[in-house]
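>>> here is a sequence together with a model predicted from it:
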Amino acid sequence: LGWIFSSSEQAYELHLDDLEKVEVLCERITSSTLIDDKRKSLLELRTLSKNCKLEVGTRSLDIVLEILNLYHHDRDLSILSLDILGNILKCKIAVSNEDEISHISTKDSLSDQFCEILLKNSKNIKILMNLIDNTNFQIRWAVLKLFITLSKSQLAQFQSILTEIHFGITRISDYLNDSREMIRNDCIILLITLTRNNKTVQKILAFENIFEKLFDIINKEGGVDGGIIAHDCLIIMQNILINNATTQKHFRELNLFSKIKPLLDIANLNGSQPIVWPTSRLNIIICFINIIRSFLDPLSSQQSVFTNQNSIANCDIFETLIKLYFNSSIPKTLLIHIVLALSELIRGNEQNQKQFICRASTNYNVKDPFLNILISSINPKNSHALKRSMLYFFQCLLYSDSHARETIILSLVPSSFSEHSSELGRALCAGFFDFDNTLTWISCSCLQHVICNHLESKKELLKVYFIFEDSYANNNTPISLLNRCVQLLKCSTNSFPNKVNILSFLIIWMVDCPEVMLEYLHFDEFFSLPLSVIQTITGKNDIITHGVYAIFISIFLCSSPEAKRNQIRNSLLVYISLFDLKNHISTLTQDSLFIECSKTPRPDHLPEFYFDFEFTLLIKKVEVMLNNMLYDQNHAHPKSLDINKILKEKEIEIEDLKKRCVFLENQNSDLKNSLEKSDTSHWETMYSEINLDFQKILNDHQNLLKVLENQEETIKKLTTLLADAESQCNQKPDVSPHHNDMVGNPVTQKIPTDSMPSTYYVPEHQDIAPDQTQCPSFYDTYYYQHNYDQGYNFIHPY
């Protein structure tokens with residue numbers, strides 16, 4: 001059994017060997033100090049990264065990024081590191097034997113995983129952005145290759161990081177001017193991816209004059225014969241302009257339409273036979289037309305579209321497209337795009353509509369453009385895509401042109417038949433004469449747009465009668481168009497697309513037109529057919545068929561005349577409920593075909609069978625109306641007896657509330673009067689008393705402060721005098737003996753306080769003996785004592 005497990009065991013051993021090698025090389029790169037050692041290790045690691053992507057990526061990714069960060073000035077280390085990153089992120093697997101086929105999906109996912117790891121830290125992209133400024137060809141080219149891989153793997157995250165880096169997008173766009181074509185071309189490829197679905201990137205590039213750069217490249221490459229490079233430049237322009245009003249305005253203000261006109265001016269081709277154009281040339285012209293159409297989106301604001309239409313017409317692009325339209329040598333593939341561009345240039349623009357009709361009649365001898373368009377639509381040699389574009393052209397030429405609608409309706413009325421009007425009428429109603437799916441689709445779609453939102457046209461269409469030569473005609477007698485539609489709906493051999501198209505036309509015809517509804521109600525069993533179809537399960541197309549018939553019935557429930565509305569509702573709701581109708585319509589609106597058709601009026605990329613955009617809007621409107629009816633039914637009012645009872649109860653409640661209101665008003669007035677009559681004198685007296693008391697207390701406080709100040713000054717003076725007296729007492733005078741005989745008891749004399757000055761002066765004694773002058777301290781020393789209450793006591797030594 002060894003041969004069974006040998007392959008897996010060998011693979012495991014090889015995996016261990018490769019992992020050990022990677023570990024050793026990574027250790028050498030991080031630990032070595034010499035540049036040559038790092039270079040040799042990186043060289044070996046690059047060789048291993050071609051086949052051992054998982055091992056090298058998981059172990060060395062951070063190490064390689066660190067090398068790029070620290071040694072970005074070293075050319076060899078940078079190139080080797082970038083090559084390792086490129087091998088890791090590309091992950092191209094070479095399958096050597098059948099045993100490895102099951103592992104391809106796992107290995108292919110490694111690229112996305114490593115890209116996600118690399119983008120988790122924006123610092124890694126900043127490292128690469130610093131390298132892209134390097135003038136070395138290999139380094140810059142390798143970084144651009146890495147950016148292309150990252151943008152294809154993790155576009156949204158990569159775009160976000162680049163917008164956060166200072167001048168990140170601008171620095172990339174600068175390499176469109178690189179003289180080396182490989183750098184420039186890879187920059188174009190990168191910008192194609194970066195400009196998708198990111199308005200921030202689109203605005204940055206638009207204001208960095210990228211349009212002028214791209215036009216310069218296109219002209220250098222040869223214009224419409226510029227090949228893939230010119231085509232890719234136009235793809236970048238288209239990505240920047242589509243659904244971005246800011247970039248469109250900038251493009252228009254720079255008058256760049258004038259640079260498109262010379263590139264489209266190829267209508268001087270002669271000959272009636274189609275010529276073979278190179279595919280690249282055809283693709284470039286289609287890209288130019290798509291750029292023009294990006295300014296004319298029908299879902300954009302009418303004012304913006306109208307301004308763009310006039311700007312394009314002023315640059316003679318509209319005239320150039322008219323020449324291309326009537327040039328028979330134009331390939332059919334290009335003609336489809338020219339018709340779509342012309343359709344949107346004249347849609348809702350009266351001036352452009354008149355210009356087209358005038359050019360068609362004077363220069364190309366086309367008497368009736370509508371007839372010319374219908375003939376091209378009916379022509380079986382034309383492809384379905386061209387027929388669809390011609391039908392869109394017819395619709396846009398009719399858009400907001402009431403006069404054209406009236407003219408077309410008159411061409412259908414028998415009394416106004418002429419050679420010209422009969423041709424237009426027969427072309428319009430060709431689908432009602434034949435069971436061909438294409439003819440019925442074109443007739444129903446054209447008539448839908450003739451009468452849509454135009455009440456007078458709907459009424460006039462009731463006057464249209466034809467003679468049909470088939471088994472459903474009654475002895476070749478004229479029948480109305482409405483009767484013919486009912487006959488075709490009853491025809492079992494009629495195909496599913498034909499019935500849906502006819503029913504869609506009838507629904508548009510009946511909406512907001514009671515006269516058509518009343519005419520339809522005259523037919524026998526007018527609701528038996530739609531009810532029988534809804535209640536029958538036939539096949540895969542039941543969702544569409546049941547949904548359209550549910551819309552047809554709902555139109556009568558919501559918009560039928562007032563006189564018969566209740567009768568119609570009662571007769572219909574016996575067989576089918578509003579809830580069932582709502583379910584059928586909701587299922588239709590959730591179908592992929594309906595969702596695709598309801599996105600835009602443009603017929604691009606639609607299948608052979610599709611709903612008209614106006615019809616999808618009507619379906620949504622009817623669905624809302626039906627939901628409202630269903631809500632009203634679920635919350636219907638009770639019977640009349642219950643209503644009377646509820647009304648009486650409500651009246652009683654109202655009377656009680658009125659009484660309560662009167663009581664509260666009286667109570668409120670009483671409270672107001674009591675407040676007005678209340679005596680405020682008591683409060684004023686209390687306020688004055690409190691104020692007086694406060695003033696008295698304040699005066700007392702001020703007086704006490706003054707007394708305290710006087711006492712403090714008096715205490716200071718007395719303290720000073722006392723200190724002086726004590727110092728004199730402590731002195732011992734030298735007294736002679738005869739002085740002692742003269743000393744007697746001191747005489748104390750009381751002096752009143754009010755008669756004694758604060759400073760007492762003792763005069764000199766002139767009669768003292770000469771020998772007494774030897775003791776001046778005895779004679780000059782006097783003692784006094786101050787009493788605050790009793791006055792001063794004078795103490796004399798005698």
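Cool, the structure landed.
>>> and this structure, what are its domains?
According to the TED database, the chain comprises the domains 10-91+111-134, 417-469+477-510, 524-637.
>>> and the ones you listed as TSV, adding mean pLDDT?
Formatted as TSV, the domains of the chain follow (pLDDT from 0 to 100):
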stretch	mean pLDDT
domain 10-91+111-134	86
domain 417-469+477-510	85
domain 524-637	84
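>>> tabulate the ones you listed (a markdown table), appending distance to Lys145 and mean neighbour count.
Placement of C-beta: from N, CA and C, glycine included. As requested, these are arranged in a markdown table below (distance: least, Cβ to Cβ, whole Å; neighbours: other Cβ atoms under 10 Å):
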| stretch | distance to Lys145 | mean neighbour count |
| --- | --- | --- |
| domain 10-91+111-134 | 6 | 17 |
| domain 417-469+477-510 | 49 | 18 |
| domain 524-637 | 32 | 16 |
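>>> these: which one's closest to Asn243?
Among these, domain 524-637 comes nearest to Asn243, with 10.9 Å by Cβ to Cβ.
>>> now the domains of the chain in JSON lines, with distance to Ala404?
Shown next, in JSON lines, are the domains of the chain (distance: least, Cβ to Cβ, whole Å):
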{"stretch": "domain 10-91+111-134", "distance to Ala404": "55"}
{"stretch": "domain 417-469+477-510", "distance to Ala404": "9"}
{"stretch": "domain 524-637", "distance to Ala404": "17"}
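>>> of all those, which one is nearest Leu176?
Using Cβ to Cβ, these put domain 10-91+111-134 closest to Leu176, at 13.3 Å.
>>> contacts for stretch 361-371 next, please.
Here stretch 361-371 makes contact (Cβ atoms under 8 Å, 6 or more residues apart in numbering) with 326, 356-357, 360, 372, 394, 397-398, 404, 408, 420, 423-424, 427.
>>> tell me the mean pLDDT over that stretch?
Average pLDDT, stretch 361-371: 87.
>>> ends of it, how far apart?
Stretch 361-371 stretches 12 Å from its first residue to its last (Cα to Cα, to the nearest Å).
>>> the strands in the chain, which residues?
For the chain, applying DSSP state E gives strands covering 465-466, 479-480, 747-751, 783-787, 791-796.
>>> remind me, longest helix of this structure?
Using DSSP state H to define each element, the chain has its longest helix at helix 681-729.
>>> packing partners for it?
When contacts are defined as 3 or more Cβ pairs under 8 Å, 6 or more residues apart in numbering; DSSP states H and E, helix 681-729 packs onto strand 783-787.
>>> can you pull up the most central residue in the chain?
Lys199 (9.8 Å; Cα atoms, centre = their mean).
>>> isn't it right up against Leu241?
No. With contact defined as Cβ atoms under 8 Å, Lys199 does not reach Leu241; the gap is 11.2 Å.
>>> against Val511, how distant is the closest residue to Cys558 other than its chain neighbours?
Using Cβ to Cβ, 6 or more residues apart in numbering and skipping the chain neighbours, the partner closest in space to Cys558 is Met625 (4.5 Å). Distance check for Met625 against Val511: by Cβ to Cβ, to the nearest Å, it reads 11 Å.
>>> what's the neighbour count on the residue nearest to Arg75 when sequence neighbours are not counted?
In this structure, Arg75 finds its nearest non-sequential neighbour in Asn136, 5.8 Å apart by Cβ to Cβ, 6+ apart. Asn136 sits with 12 neighbouring residues when counted by other Cβ atoms under 10 Å.
>>> so who does Ser495 touch?
Residues in contact with Ser495 (Cβ under 8 Å, 6+ apart) are 435, 437.
>>> same check, this time on Asn136
Neighbours of Asn136 in contact, by Cβ under 8 Å, 6+ apart: 75, 78-79.
>>> that older thread, isn't the residue nearest to Cys558 right up against Ile551?
No. Counting by Cβ under 8 Å, Met625 does not reach Ile551; the two are 10.5 Å apart.
>>> make CSV out of the contacts of stretch 361-371 and add distance to Gly226.
Output for the contacts of stretch 361-371, formatted as CSV (distance: Cβ to Cβ, whole Å):
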residue, distance to Gly226
Phe326, 26
Phe356, 30
Ile357, 35
Ala360, 32
Asn372, 34
Phe394, 35
Leu397, 34
Leu398, 38
Ala404, 41
Ile408, 44
His420, 46
Glu423, 45
Leu424, 43
Ala427, 42
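>>> from the residues you listed, which is closest to Leu692?
Checking the contacts of stretch 361-371 against Leu692 with Cβ to Cβ, the nearest one is Leu398 at 98.2 Å.
>>> separation between that closest one and Phe326?
From Leu398 across to Phe326, the span is 20 Å (Cβ to Cβ).
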